[in-house]
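Participant: sequence first, then the predicted structure, then my questions.
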Amino acid sequence: MRVALFSLACLTAAPAFASAAFAAAPPNRAVANIPPRPSRFRLPPVLGPAKASLPLVVIDAGHGGHDPGSSSADGRTNEKDVALEIAKAIRDSLIESGKVRVALTRSDDRFLVLAERREIARRLRADLFISIHCDSAPTPAARGASIYTLSETSSDRVSAALAARENKADVINGVDLSRETNDVSSILIDLAQRETMNVSSAFATLVQRELSPLISLKPDFHKYAGLMVLKAPDVPSVLLETGYISNDADLALLTSSGYREKIATGIRRAIEAHFARQRIERAEDREDM
Ligand code: ZN
């Protein structure tokens, strides 16, 4: 992370964004000092121990409001509701552990554009962003969980189709996606994004390790796609597809409290391992200096 940190130092001189709240941010932030975009939206409450030194994890329940996401074969269960319940289970598990702080991008049935979701994480100076979704496929036999991290090129056609489907949430709400490229055009931000993508990938590997004993994962669990919601240049981000809402057996799991608990447990363990690893790496960096 050092290269990105030093390279971005010149971006710190943005007085409009300087505030006491930012100055008090935890020191373990991956890449500091890229000013968040000014915005009109309200930030959600930060839950858990009132210790700013603890890492902050933002959990994002996909879709919401007039965007239901995918639906079950019988049309009675929507992805937005399943994702919210799983996000809340993860939130509760993290609060119970007391090792991190946590915030939800939404805790009720409301619509947020994709950029707003990741900007919430940035403005809260989150250390990790996890977007929760359910998969769907035309073939009802498709089953299992998978995870996505950001890449400019999708790892396969399924990933490209998923990115097109998920990114559509903004297109249908009249958001001009062409502006996004301008926002992240700086080569310095590109550098930071690359470092952040590496950290995101490492976290995805931990999620795989911790979830695999608990729930059924797809053989190609970790994939890459150009998902708008993952494009915060300075917050490591993953999108977890928790199972197929289009498959009846997966649907039964996705709507059960037992399955939600298993996902919450696996994610909590992965988060704890992730930050424990970062603490060790920072200590080693200090010894090298
Ligand atoms: Zn989705």
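Facilitator: Arrived safely. Being a predicted model, the structure only gives us computed values, none of them experimental.
Participant: count of neighbours near Ala262?
Facilitator: One thing to correct before we go on: residue 262 is Lys, not Ala. Here the count is done by other C-beta atoms under 10 Å, and Lys262 has 17 residues near it. From N, CA and C alone the C-beta is placed, and that goes for glycine too.
Participant: please identify which helix or strand holds it.
Facilitator: Here Lys262 sits within helix 257-288, counting by DSSP states H and E.
Participant: chain center to that helix: distance?
Facilitator: Distance of helix 257-288 from the chain centroid (C-alpha atoms, centre = their mean, to the nearest Å) equals 15 Å.
Participant: and for stretch 128-142?
Facilitator: Relative to the centre of its chain, stretch 128-142 is centred 14 Å away, using C-alpha atoms, centre = their mean.
Participant: got the buried residues for that stretch?
Facilitator: Residues Leu128, Phe129, Ile130, Ser131, Ile132, His133, Cys134, Asp135, Ser136, Ala137, Ala142 are the ones in stretch 128-142 that count as buried (16 or more other C-beta atoms under 10 Å).
Participant: ok, which of these also contact the ion?
Facilitator: By C-beta under 5 Å from the ion, the members of the buried residues of stretch 128-142 lying near the ion are His133.
Participant: which one of the buried residues of stretch 128-142 sits closest to the ion?
Facilitator: His133 (3.5 Å; C-beta to the ion).
Participant: and the closest residue to the closest one other than its chain neighbours, its phi and psi?
Facilitator: Spatial nearest neighbour of His133, excluding adjacent residues (C-beta to C-beta, 6 or more residues apart in numbering): Gly62 at 4.1 Å. Main-chain torsions, Gly62, degrees, to the nearest 10: phi -60, psi 150.
Participant: ok, the nearest residue to Glu272 once chain neighbours are set aside - contacts?
Facilitator: Leaving aside its sequence neighbours, Glu272 sits nearest to Lys99 (C-beta to C-beta, 6+ apart; 5.8 Å). Counting by C-beta atoms under 8 Å, 6 or more residues apart in numbering, Lys99 makes contact with Leu54, Ile271, Glu272, Phe275.
Participant: same check on Ala163?
Facilitator: Contacts for Ala163 (C-beta under 8 Å, 6+ apart) come out as Ser154, Ala225, Gly226, Leu227.
Participant: could you tell me which of the residues you listed belong to helices?
Facilitator: Secondary structure defined by DSSP state H assigns none of the contacts of Ala163 to helices.
Participant: of the residues you listed, closest to the ion?
Facilitator: The closest of these, once distances to the ion are taken by C-beta to the ion, is Leu227, at 9.7 Å.
Participant: what's the burial count for the closest one?
Facilitator: When neighbours are counted by other C-beta under 10 Å, Leu227 registers 24.
Participant: what do you get for Asp220?
Facilitator: 12.
Participant: my read is that it contacts Ser146, right?
Facilitator: Yes: proximity of Asp220 to Ser146 meets the contact threshold set by C-beta atoms under 8 Å, at 7.2 Å.
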